[in-house]
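S.K.: fold the following and give me the result.
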Amino acid sequence: MLLLLLASFLILFAILFTYRKFKYLSFELSRLPKRTEKTITKFNTNKSLADIEAISKIQKNEVTIVMFASPTCAPCYTEFIDLLELSRELNTPFICLAETSDQDAYQNFISKFGEEAEIYPTSEELLEKLGVDGLPTFFLVDSKGNVLIETVLLTVIRDQLIRKGCSKS
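M.R.: Numbers count the residues shown, from 1 in each chain. Next up is the predicted model:
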């Protein structure tokens, strides 16, 4: 009988302990910021790059890929190399707008890739104006400078170009 009473007490204690842990966890979770769904790809964005002087090359092509990058960003380097290959494979031009907050890193980026691609400096203000909040970010831009696709995934640009047959004639 004593053994049964002890077992019941232990089970009750375990249930109470578990309940308090769940209640505490629930309280902690309620204090976390609410999850926001961040869109990683936008089609027909109503954005335009037409007023940016550095990218006059866009007007000469049916579509151009614009990459926003940071010379201090490791994924930017990887995606830049992939973008060079994609550009050659699909014969589609691209330009890179690199932020310049770290001038030494920017100069290293230019010296490493400047002969293979057109790289222009960009500012935090332009990135903010265009709503670019993560790097790398890619825009697929038409000949008038209108942003057709905005994404953080180069594969989205690749798939769209292949699907639409968009490449430089």
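
S.K.: what about D102, how many neighbours?
M.R.: By the measure other C-beta atoms under 10 Å, the count of residues near D102 is 13. From N, CA and C alone the C-beta is placed, and that goes for glycine too.

S.K.: which SS class is the closest residue to it other than its chain neighbours?
M.R.: With C-beta to C-beta, 6 or more residues apart in numbering as the measure, T72 is the residue that lies nearest to D102, at 5.5 Å, once sequence neighbours are left out. The three-state label given to T72 by DSSP: H, G, I helix; E, B strand; the rest coil is coil.

S.K.: for the one 3 residues further on, same thing?
M.R.: Secondary structure for P75, judged by three-state DSSP, is helix.

S.K.: in contact with it, which residues?
M.R.: Remark: with contacts taken as C-beta atoms under 8 Å, 6 or more residues apart in numbering, P75 is in contact with L135, P136.

S.K.: redo that, cut-off 10 Å
M.R.: Contacts here follow C-beta atoms under 10 Å, 6 or more residues apart in numbering; on that basis P75 touches A69, G134, L135, P136, V152.

S.K.: distance of it relative to T137?
M.R.: As judged by C-beta to C-beta, to the nearest Å, P75 and T137 stand 11 Å apart.

S.K.: okay, and the common contacts of the two?
M.R.: Counting by C-beta under 10 Å, 6+ apart, the contacts common to P75 and T137 are A69, V152.

S.K.: tell me, how many residues neighbour the closest residue in space to C76 that isn't next to it in sequence?
M.R.: The spatially closest residue to C76, leaving aside those adjacent along the chain, is A69, at 3.9 Å (C-beta to C-beta, 6+ apart). Applying other C-beta under 10 Å, we find 24 residues neighbouring A69.

S.K.: so what's A69 bridging to?
M.R.: Assessed by DSSP bridges, A69 has beta-bridge partners A98.

S.K.: could you measure from it over to I15?
M.R.: Plainly put, A69 is 55 Å away from I15 if you go by C-beta to C-beta.

S.K.: got phi/psi on the residue nearest to D102?
M.R.: When read as degrees, to the nearest 10, the backbone of T72 gives phi -100, psi 10.

S.K.: list the contacts for it?
M.R.: In this structure, T72 makes contact with A98, E99, S101, D102, D104, A105, Y106, N108, F109, L135, judged by C-beta under 10 Å, 6+ apart.

S.K.: and it, what's its pLDDT?
M.R.: pLDDT, T72: 92.

S.K.: please apply the same query to A69.
M.R.: Here the pLDDT value assigned to A69 is 94.

S.K.: against T137, how distant is the most centrally placed residue in the chain?
M.R.: Relative to the mean C-alpha position of the chain, the nearest C-alpha, by C-alpha atoms, centre = their mean, is the one of V152, at 2.9 Å. Counting by C-beta to C-beta, the separation of V152 from T137 is 6 Å.
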